[in-house]
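> The following comprises the amino acid sequence and a computationally predicted model.
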Amino acid sequence: MALINQNLNTTSILKQETLHAIADILGNGYKCYVNNSTQEVLTAENVSLEDQKSGDYTEYVPLEGPVMFGFMQDYIQNVDDFEKQSELLEAISFEHPFKNFKTRIYSTGLADEWIAYRTEQIAKEIA
């Protein structure tokens, strides 16, 4: 399991809305910060270095490659259309699997479905 929450002293339970906001940002490959008292989710460039170190925010970093690759594999197994499933399997089977997957997920028209799936999986991972 990838380490996502960089502030291990934080014990607050995140709201579903907050989890999904974090997952959206992490799914795009960016880290983010959550205000510990308000649960406001901010991208890294919107939190000053002073605030980042203050203890008022919890840092979340994108999941590691093997975890995301596992999400891609699981998603592909659940694609009903055999032709699209085959295209996606081929995409992750060769060099540059993440880039190839992204290209194929859009060309097959499955991008919205994939992004929703990825967001749910990341939210579960960080909950």
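That came through fine. Numbering: from 1, shown residues only.

> gap between the spatially most central residue of the chain and E50?
When CA atoms, centre = their mean is applied to the chain, the residue found nearest the centroid is G27 (2.9 Å). G27 sits 28 Å away from E50, going by CB to CB, to the nearest Å. (C-beta placed from N, C-alpha, C; glycine too.)

> Now do the buried residues in the one helix or strand in the chain whose mean pLDDT sits lowest.
In the chain, no helix or strand scores lower on mean pLDDT, DSSP states H and E than helix 49-53, which sits at a mean of 92. Buried residues in helix 49-53, counted by 16 or more other CB atoms under 10 Å: none are found.

> which residues sit against that helix?
33, 44, 57, 59 (CB atoms under 8 Å, 6 or more residues apart in numbering).

> and the top helix by length along the chain, what's its mean pLDDT?
Counting residues, the longest helix found in the chain (DSSP state H) is helix 111-126. Mean pLDDT, helix 111-126: 95.

> try stretch 22-41
Mean predicted confidence for stretch 22-41 is 94.

> Output that stretch in PDB with nothing but the alpha carbons.
The C-alpha trace of stretch 22-41 is given here as PDB (Å, rounded to 0.1, in the frame of the first residue of the first chain):
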ATOM      1  CA  ILE A  22      -8.400  14.800  -2.900                       C
ATOM      2  CA  ALA A  23      -8.800  11.800  -5.200                       C
ATOM      3  CA  ASP A  24      -9.500  14.100  -8.200                       C
ATOM      4  CA  ILE A  25      -6.200  16.000  -7.700                       C
ATOM      5  CA  LEU A  26      -4.100  12.900  -6.900                       C
ATOM      6  CA  GLY A  27      -5.600  11.100  -9.900                       C
ATOM      7  CA  ASN A  28      -4.200  13.900 -12.100                       C
ATOM      8  CA  GLY A  29      -0.700  13.400 -10.600                       C
ATOM      9  CA  TYR A  30      -0.600  16.400  -8.300                       C
ATOM     10  CA  LYS A  31      -0.100  16.600  -4.500                       C
ATOM     11  CA  CYS A  32      -2.600  18.500  -2.400                       C
ATOM     12  CA  TYR A  33      -3.200  19.700   1.100                       C
ATOM     13  CA  VAL A  34      -6.200  19.500   3.300                       C
ATOM     14  CA  ASN A  35      -6.900  22.100   6.000                       C
ATOM     15  CA  ASN A  36      -7.200  20.000   9.200                       C
ATOM     16  CA  SER A  37      -9.900  22.100  10.700                       C
ATOM     17  CA  THR A  38     -12.100  23.000   7.700                       C
ATOM     18  CA  GLN A  39     -11.300  20.000   5.400                       C
ATOM     19  CA  GLU A  40     -10.700  22.500   2.500                       C
ATOM     20  CA  VAL A  41      -8.700  20.800  -0.200                       C
END
